[in-house]
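K.L.:
Test case, fold it:
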Amino acid sequence: MGISIRGGAINPTKPIKLSFFGPLGSGKSTASHFSRDIFRELLPLYWFKKCNVAEPLYLIQNYVYSTMGVQNPLQDSKFLKYIAKKFEDDLGPRCVRKARGVAYTYQGKVVCVNSDCRNNAYRSLKDDGFIFIKVRAKLSVRSGRIIERGDVTIAGIDQIKADYSISNNGSLSQFKISIEKVIKKIIPKL
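P.N.:
Have a look, this model is predicted:
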């Protein structure tokens, strides 16, 4: 017996795995937050779990800067690239194993979301059934966000193929509506 959602039904034990990607400042993290709220409304019996591939890199960066007494460090692309050279190729498969573990723990009733996919993790996540959503925004919109955050991370995303694409050039409410439309397309296909 499936869970119905406005005319459709899904297998209640099948995990849902999404991976947002896009250029710097496009709204990937915001899309992840909105997707959590949308899934909680549409599938209240499912758990929501972030499974971010790059999370270990940022944790290491923050630990190093905290140890050095640096307050509120910006994303440091040179430092992150150095760390990534040591183990980033292994992060994709580890994220897949983490997502599988989360799905097993919650007996499949889980939404796993990676909010910042890069080329290195794409194949592993794709092979494990992640759905890729590209977040687009005009450079004029993104540049303001990048400057505001002081973000200098450079992401390789040119090898990722989008299953869906959403625009983030308008208001936050318009962006949330766009995400909800995509999620409503994904759920009945599961």
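K.L.:
what ranges do the strands span in the chain?
P.N.:
Under the criterion DSSP state E, strands of the chain are mapped to 3-5, 8-10, 16-21, 47-50, 110-114, 131-136, 164-167.
K.L.:
tell me the contacts of the residue nearest the centre of the chain?
P.N.:
Residue closest to the average C-alpha location in the chain (Cα atoms, centre = their mean): Ser115, at 1.7 Å. Contact analysis of Ser115 by Cβ atoms under 8 Å, 6 or more residues apart in numbering lists 20, 28-29, 31-32, 50, 52. Quick note: C-beta positions are derived from backbone N, CA and C, even for glycine.
K.L.:
of those, closest to Tyr122?
P.N.:
Nearest to Tyr122 among the contacts of Ser115 is Phe20, at 12.4 Å by Cβ to Cβ.
K.L.:
how about the closest one, what does it touch?
P.N.:
Neighbouring residues of Phe20 by Cβ under 8 Å, 6+ apart: 28, 31-32, 35, 113-117, 132-135.
K.L.:
Can I get the buried ones among these as something I can paste into ChimeraX?
P.N.:
A single ChimeraX command selects the buried members of the contacts of Phe20 (16 or more other Cβ atoms under 10 Å):
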select :28,31,32,35,113,114,115,116,117,132,133,134,135
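K.L.:
Per-residue pLDDT of the closest residue to Phe21 other than its chain neighbours, please?
P.N.:
Excluding the flanking residues, the one nearest Phe21 by Cβ to Cβ, 6 or more residues apart in numbering is Cys117, at 4.1 Å. For Cys117, the model assigns a pLDDT of 82.
K.L.:
same thing with the one 3 residues further on?
P.N.:
Note for Asn120: predicted pLDDT of 77.
K.L.:
With the one 4 residues further on instead?
P.N.:
Confidence at Ser124, expressed as pLDDT, is 85.
K.L.:
mind checking how far the longest helix anywhere in the chain is from the chain centre?
P.N.:
As assigned by DSSP state H, the longest helix anywhere in the chain is helix 77-105. In terms of Cα atoms, centre = their mean, to the nearest Å, the centre of helix 77-105 is found 13 Å from the chain centre.
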